[in-house]
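Participant: Next input, structure requested:
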Amino acid sequence: MLSTLKDLCSTFPKVSVQQSPLDNVAAHIFDTSNEYRFVHSHCPPQERYGIRINQALIQTHYNYIVPNFENLGPNEQYLINKILYSPSNLIYIIGGIGVGKTRFTQFLIDEVLPGIIEQDQSLHEKCPCSIYYDFLEDGNVLPVSDDSSTIREALLDSFCDRIEAELYAHNFFDLDEEVGLIWDLLLEEYKNDYKKHVALAYLIKELRNNGAEHKELAKDYPSTIERRKNIRQRIISHQGRRISYLALLLKYARQKYFNSNPAGLLLVIDNVDREPSLVQQELKQIIKPFARVSGARTVVNARHTTYYQQFFDDGSSDPVDVIPYCGASPYEIISERIDDFLGDNIKYKEFYNPNTFPQLIEGIRFIRHVLLTTDSFTNLFSNICGRSVRKGLLLGQHIINNSVYDPSKIFDHPTNPQDGVAVKIGDVLRALLVGTDAIFRASPSHVTDNIFSVSSYPGIGYLVKLRILNLLCCSGEMGVSVRRVNHILSGFGYSMEMICSAINEMKSENKRLIWSDAVQTFFKEEEFVNYGSTHLFLSSSGNGHTKNLFADITYIQEVMLDTKVEESDFGKGWRYDKLEDRFELIFKFLTMLSEFDQDEVENFVANNGVNEYYSSFGDKDLITKIMMINVKESVEKILGSVVKNERKVEREGELQFFKLDHLSKYESRIVTLKNFEEEIFR
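Facilitator: Modelled structure (predicted):
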């Protein structure tokens, strides 16, 4: 009979009873919307994704004055300088999922560019003009199609609609001026190379054929303007002519009203990673000539894999610039959010009991400056959320609002009166993992995943997620095709359905341990087969799970409680709040995993061979052997500290005996796994 480990336990750590709801306080401190103050980076930009850093552009600005430039973070200084002074009009900002690319570009548009314009009296009062094309909104009109022509037509319509709407919303010129003065200026400027521009070549022919050339304006201005308006309608009714025409209009506006200042006209394209590869390919064909002709600074936010797979073109005649995004880390952001609360908390009083609000402030202050600065916290926090700011903010809410402790009671009932506080670092770590639940529960809304469980396949497949993560980790930044993932994982005996479910759970929006370049979710197994060429990639959060969390005792002891096991193998009545019982339960859980590990690896070697295992996973170390070794080291440190600090002689003796006996079990099991490795991989 299968039961979760929590159902086999009779007692758990005490759950905090909060004096007043903390959900609103936590949600406002760690607001995930883009309305909150932008947090600057603390560290200089680093080389990432094979993109080098131009050190000369750090803390350097020339003739475009950026107000308070010296107060910006080094990453923001670098990005702004790159955007303003790059010799290329087309610029890619490269970064992983949720690292803050969108938030930075909004900060650039809302706060930086207006400040630059204010410093330049020569610029038109209508500056700046920022055009934000978001595939989450503008791209919703795109059809689902495998036909490139269909995609291109829909994308051109959507893109041009946005450009045209923004251009005319700024009211730079009326229609008469556009088809009169501006047309004549454009024709004069491009009289020797008008054939390079589809719109101009068509315009010259139509003006001639319809008696609407410049000389006709002087003879009969009203009727000539009307004829020109009709020609304009025919220009914008044709997609190729329309985008060529809009690029020329933007160039005119940039030169006349913005004095060619790069801060005056900015085009940002965002969230293209979510689109199918066909859309990304068509976008590349559209924006490169558009950026060249219009001269508009065009910034595209993209993941590194999207850039290298779809946008990279080393031999292009249109040079592009690429910048790695190295903004503030999630840890820096949550720390500053708490500091903002501690510095100005008046607005939060409406969400909390006013009588205990001062105690809440002091409790949060202690957590921020004492517990959150420890390596234990920063390591666990970073491994769970990676570089995802959104995950970091959601996880940060657990620091304030959780079932483990009430921040307002930290100084009320100390666990050890000599220490003076009731909350230890272990409590904060546990709060990160369990949140407001009494114990860890891997719900769809939870940002932390249980990598030892696939919800649709309880009691089996304990290691399928870890094996997928390890495979992606060993593959590097170019990912692994779904077809190969299925081939390799099936060698362990996993069904395609189980592999598909495991991938979907790790790809879910709140978990994001992995991601794909085409399909968001494989709703059916047939899609899993049909999209076999789709590639899967490891996120920074997935990297933290793969390299550290899977063998972290803090993580294991919480998530294992939400894992289903055979009741007969574990028994009942475990006192999880008792140290000895908890450690015994951890060991039994790891032993069970290691037995599955041995059976599955034996299957894999029989089906695929030793060389396939080594080429897929990089080494011949069993996953569970690494877990056993790491957990043993943690157990030894914890028990050593507990024994040392125990004041009762009798209890000290009991703990010392338990320590020696318990560690010997780990040593024995590790030897068994090493012997298995030698036998199976010889």
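Participant: Could you use CA atoms for every contact and neighbour count after this?
Facilitator: Noted.
Participant: Confirm that L266 sits in a strand.
Facilitator: Yes - under DSSP: H, G, I helix; E, B strand; the rest coil, L266 sits within a strand.
Participant: Can you report how many residues neighbour it?
Facilitator: L266: 22 surrounding residues under other C-alpha atoms under 10 Å.
Participant: quick one, what contacts it?
Facilitator: Applying C-alpha atoms under 8 Å, 6 or more residues apart in numbering to L266 gives the contacts C129, S130, I131, A296, R297, T298, V299.
Participant: Would you mind giving the secondary structure of the second one?
Facilitator: When classified by three-state DSSP, S130 comes out as strand.
Participant: and the gap between H545 and N383?
Facilitator: H545 sits 6 Å away from N383, going by C-alpha to C-alpha, to the nearest Å.
Participant: on that earlier part again, which of the contacts of L266 sits closest to Q359?
Facilitator: Nearest to Q359 among those is S130, at 45.6 Å by C-alpha to C-alpha.
Participant: Quickly list what that closest one is bridged to.
Facilitator: As for beta bridges, S130 partners with L266 under DSSP bridges.
Participant: check contacts around it.
Facilitator: S130 makes contacts with I109, G264, L265, L266, L267, V268, as judged by C-alpha under 8 Å, 6+ apart.
Participant: pLDDT score assigned to the fourth one?
Facilitator: Read that as L266. pLDDT recorded at L266 is 90.
Participant: how near is it to G115?
Facilitator: Relative to G115, and taking C-alpha to C-alpha, L266 is found at 14 Å.
Participant: Ok, the first one next?
Facilitator: Using C-alpha to C-alpha, I109 is found at 10 Å from G115.
Participant: Looking at those two, which one has more neighbours?
Facilitator: Each of I109 and G115 has its neighbours counted (other C-alpha under 10 Å); I109 has more, 21 against 18.
Participant: which SS state does that one fall under?
Facilitator: helix.
Participant: any idea how far L185 is from the closest residue to it other than its chain neighbours?
Facilitator: In this structure, I109 finds its nearest non-sequential neighbour in S130, 6.6 Å apart by C-alpha to C-alpha, 6 or more residues apart in numbering. Plainly put, S130 is 24 Å away from L185 if you go by C-alpha to C-alpha.
Participant: With Y36 instead?
Facilitator: From Y36 to L185 the distance is 45 Å (C-alpha to C-alpha).
Participant: Determine the three-state secondary structure at N301.
Facilitator: Taking three-state DSSP, the label given to N301 is strand.
Participant: hey, what's it bridged with?
Facilitator: Beta-bridge pairing for N301 (DSSP bridges): I93.
Participant: what about it, neighbour count?
Facilitator: As a burial measure, N301 scores 24 neighbours (other C-alpha under 10 Å).
Participant: residue contacts, it?
Facilitator: Taking C-alpha under 8 Å, 6+ apart as the contact definition, N301 lies against Y92, I93, I94, G95, K101, T102, V268, I269, D270, N271, V272.
Participant: Repeat that for S516.
Facilitator: K507, T534, H535, L536, F537.
Participant: Show me the beta-bridge partners of it.
Facilitator: In this entry, S516 is beta-bridged to L536, by DSSP bridges.
Participant: Could you measure from L8 over to E558?
Facilitator: Counting by C-alpha to C-alpha, the gap between L8 and E558 amounts to 14 Å.
Participant: just D161 next, same as before
Facilitator: With the distance defined as C-alpha to C-alpha, D161 ends up 51 Å from E558.
Participant: Likewise for T305?
Facilitator: 34 Å.
Participant: For these two, work out which one has more neighbours and name it.
Facilitator: T305 (22 against 19).
Participant: can you pull the contacts of that one?
Facilitator: Contacts of T305 (C-alpha under 8 Å, 6+ apart): E477, M478, D517.
Participant: I236 too?
Facilitator: R242, I243, Y245.
Participant: Tell me which helix or strand V565 sits in.
Facilitator: Using DSSP states H and E, V565 sits within strand 564-566.
Participant: Would you mark the buried spots in that strand?
Facilitator: K564, V565 (16 or more other C-alpha atoms under 10 Å).
Participant: That one pairs with which strands?
Facilitator: strand 2-4 (antiparallel).
Participant: Could you list the low-pLDDT ranges of the protein?
Facilitator: Counting by pLDDT under 70, the chain contains low-confidence ranges at 17-20, 34-35, 59-65, 117-127, 314-317, 413-421, 519-521, 523-526.
Participant: pull the longest helix from it.
Facilitator: Taking DSSP state H as the criterion, the chain has its longest helix at helix 649-680.
Participant: Go through that helix and flag the buried ones.
Facilitator: E652, L655, Q656, K659, H662, L663, Y666, R669, I670, L673, E677.
Participant: what sits against the first one?
Facilitator: Meaning E652. Residues near E652 by C-alpha under 8 Å, 6+ apart: V643, K644, E646.
Participant: From Q233, how far off is the residue nearest to the second one when sequence neighbours are not counted?
Facilitator: Read that as K644. Using C-alpha to C-alpha, 6+ apart and skipping residues adjacent in sequence, the residue nearest K644 is E652, 7.9 Å away. Distance check for E652 against Q233: by C-alpha to C-alpha, it reads 90 Å.
Participant: With L187 instead?
Facilitator: The gap separating L187 from Q233 is 18 Å, by C-alpha to C-alpha.
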